[in-house]
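Novice: Sharing a sequence plus its predicted fold:
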Protein chains: 2
Amino acid sequence: MLEERRLEVLRAIVEDFVLTNEPVGSKSLAERHSLGVSPATVRNDMAALEDEGYIAQPHTSAGRVPTDLGYRLFVDRLSSVKPLSVAERRAIESFLEGAVDLDDVVRRSVRLLAQITRQVAVVQYPTLSRSAVRHVEVVAMTPSRLLVVLITDKGRVEQRVVEVPTGVSDDDVADLRRLLGSALHGQRLVDVPARLAELPESVPPALRPHVSALLSVVLEVLVERPEERVALAGTANLTRSEPGLDFPFSLRPVLEALEEQVVLLRLLGHPADADTVTVRIGHENDVEGLKTTSVISAGYGFGGMGVLGPTRMDYPATMAAVRAVARYVGDLLGTS
Amino acid sequence: MLEERRLEVLRAIVEDFVLTNEPVGSKSLAERHSLGVSPATVRNDMAALEDEGYIAQPHTSAGRVPTDLGYRLFVDRLSSVKPLSVAERRAIESFLEGAVDLDDVVRRSVRLLAQITRQVAVVQYPTLSRSAVRHVEVVAMTPSRLLVVLITDKGRVEQRVVEVPTGVSDDDVADLRRLLGSALHGQRLVDVPARLAELPESVPPALRPHVSALLSVVLEVLVERPEERVALAGTANLTRSEPGLDFPFSLRPVLEALEEQVVLLRLLGHPADADTVTVRIGHENDVEGLKTTSVISAGYGFGGMGVLGPTRMDYPATMAAVRAVARYVGDLLGTS
DNA sequence: GATTGGCACTCATCGACGCCGAGTGCCAAC
DNA sequence: GTTGGCACTCGGCGTCGATGAGTGCCAATC
């Protein structure tokens, strides 16, 4: 009885605070939510919750505010992911179905996510590792510079210029193309390094130096430095001023963090599958400068996506949105 | 004598205001700059300058602040572009020379520009129109979906998926590839539409539908919707707090404007050559939401780049930086 | 033991008031 | 055309007190 109502009080505090952005007091709380007890009782519960670290007061004689720990408990035990409204679902579909392109899907997704959550959205471009090689192209830019282009079955294109030690003729290029093509075509990218390792032996000696130069680049592009990219949208939402301004206190570090691709990738983590929505709240975030923000992310099968906002956010709704978009994009790319 | 000193006063006002971010008064002005006249005289000049619209006072009994018009006069007649220091010049070189990639050059340029100007930087990815086709690739993803890849001599790669009405065999694909390749190879992109127009007639009837589908896509990609992209960096600089905070007044609209690729492209205009540095001050900017910002831009031969900041910025230094980076990047890409 | 009403206390917010000083405009004198 | 003098304006800042939401504690009640 006691334990149960305390949690109920916590939930009420979180909900009210998210709604109003003002410290919530015992009296208004007892009124707005039908807890069936008096403000005094609520005060006792609040004192206990504060002792346990779930809530805090900005200063004496102010209402309570959830701590990171409080939000954590809230998302873990007190909330369920809200299903999206039909309208929202339809919006997602219509927004994404016009995409012409892999990049376009990503760009539309970020914007969509930023728009429906009204937060900053981050979407990772599909990683290569799960796709298969559809085609390899080698083009001579100059006699000593070759452009290697890899096309994957998802339609992603990766390119890189390679300097080769000595000049190559057009025939050499054709040979190289055929060689790489037959070795790699249809291979899943994770398997590519193995295939490449056994390649040089079967190569005419004249081409060996070129092949090994190309190989090292291909390996670098695909494996060692899989230049992951992310798309970002909705930074203007950081300034959303609402009832009380959100976090004008320290926009600076947040913007700075968002400029770093590496940081963004770290934010998304390496999310396994879709359907697993990860929530990282405030200090749980190990990125300096984002200690006052929460990140909600999910995988879509070929990468991650998520949103970032103040710790004070509508977790159930945001989680629902992220999950829905991730699923939808995952399906879109999975069946293409 | 009269006219001349008035301009000198304006220059002093602009310089002081940019430095301190505080309205500048007659007394401190007469002290800090050796104008050789008394504060009272300066006041007379200021009254005249105010009548002419070059300066304004935020409220009675405050110092004067340059208006957009004042800055305009300053840039046009009162300032000369500061040469960069050797250290800065070296920084530019060392920062850019490690670039491995066309995209990498662009990404490094934006960051560099944002860093040395301490403003928001925008760099347009090189446009296609001046480059020539190095290679055309057609790959069948499924029997009814073809991926068209265009590689330009600058190493830029553009791709697009095309739905074709009926299935195509591998042989068809090879034919298409050869056909497009021979028609387009070496052509400058501006000339491509003309070449494509005369293509269908020389094509075996069986392939006609496919060819025309491909053509419409190629045209779209290259000409009608030359999907221009831009890179952005330094948004955190908008929050630079300095002596007095810069423009916390309305970060919102600025961030919103920066989210729109289209707006960014419009900002850069279609700058002719490098060396022409364009300055657009405050209301001269026709983008709503950026009426309180200035944009300094220059072309680098394959697109534009520039920085955006509060109207109160160090114009000579910023112009120098933009010009220097634009030149350097232009050279880099021009000779590659 | 949990709940409740009562009560004294704290403290941030807000408006009023007044002082200070930077800056101005004007004018008469040089 | 320039200068010094002078009265005036007005934003910024600190003080003060009233207000009120919210708290913690305690004794009474269920």
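Specialist: It's in. Residues are numbered from 1 along each chain as shown, chains lettered A, B, ... in the order given.
Novice: for chain A, what spans make up the helices?
Specialist: A:2-20, A:26-32, A:39-52, A:68-73, A:86-96, A:102-117, A:170-184, A:192-197, A:208-219, A:251-259, A:261-268, A:315-334 (DSSP state H).
Novice: who's in contact with the residue lying closest to A:Gly70 once chain neighbours are set aside?
Specialist: Computed as Cβ to Cβ, 6 or more residues apart in numbering or on different chains, the closest residue to A:Gly70 that is not its neighbour in sequence is A:Tyr54, at 3.9 Å. (C-beta placed from N, C-alpha, C; glycine too.) Applying Cβ atoms under 8 Å, 6 or more residues apart in numbering or on different chains, one finds that A:Tyr54 lies in contact with A:10, A:66-67, A:69-70, A:73.
Novice: Would you quantify the distance from A:Tyr54 to DNA strand D?
Specialist: 13 Å (Cβ to the nearest atom of the strand, to the nearest Å).
Novice: looking at the helices of chain A, which is closest to DNA strand C?
Specialist: helix A:39-52 (3.2 Å; Cβ to the nearest atom of the strand).
Novice: Quick check: mean pLDDT of that closest one?
Specialist: Helix A:39-52 carries an average pLDDT of 93.
Novice: returning to that earlier point: where does the residue nearest to A:Gly70 fall, phi/psi-wise?
Specialist: phi -90, psi -30 (degrees, to the nearest 10).
Novice: any idea how far it is from chain B?
Specialist: Per Cβ to the nearest Cβ, to the nearest Å, A:Tyr54 is found 32 Å from chain B.
Novice: burial measure for the residue of chain A found nearest DNA strand C, as a count.
Specialist: Closest to DNA strand C within chain A is A:Ser61: 2.8 Å, counting by Cβ to the nearest atom of the strand. A count of nearby residues for A:Ser61, using other Cβ atoms under 10 Å in any protein chain shown, gives 7.
Novice: Repeat that for A:Ile116.
Specialist: Neighbour count for A:Ile116, taken as other Cβ under 10 Å: 22.
Novice: do A:Val37 as well
Specialist: Using other Cβ under 10 Å: A:Val37 sits among 14 other residues.
Novice: Would you enumerate the residues in contact with it?
Specialist: Here A:Val37 is in contact with A:5, A:30 (Cβ under 8 Å, 6+ apart).
Novice: ok, now with 7 Å
Specialist: A:Ala30 (Cβ atoms under 7 Å, 6 or more residues apart in numbering or on different chains).
Novice: separation between it and chain B?
Specialist: Taking Cβ to the nearest Cβ, one finds A:Val37 at 42 Å from chain B.
Novice: Just the pLDDT for the single nearest residue of the stretch 101-250 of chain A relative to chain B.
Specialist: Closest to chain B within the stretch 101-250 of chain A is A:Ala236: 3.9 Å, counting by Cβ to the nearest Cβ. With respect to pLDDT, A:Ala236 scores 92.
Novice: what about the nearest residue to it once chain neighbours are set aside, how many neighbours?
Specialist: Computed as Cβ to Cβ, 6+ apart, the closest residue to A:Ala236 that is not its neighbour in sequence is B:Leu255, at 3.9 Å. Residues lying near B:Leu255 (other Cβ under 10 Å) number 21.
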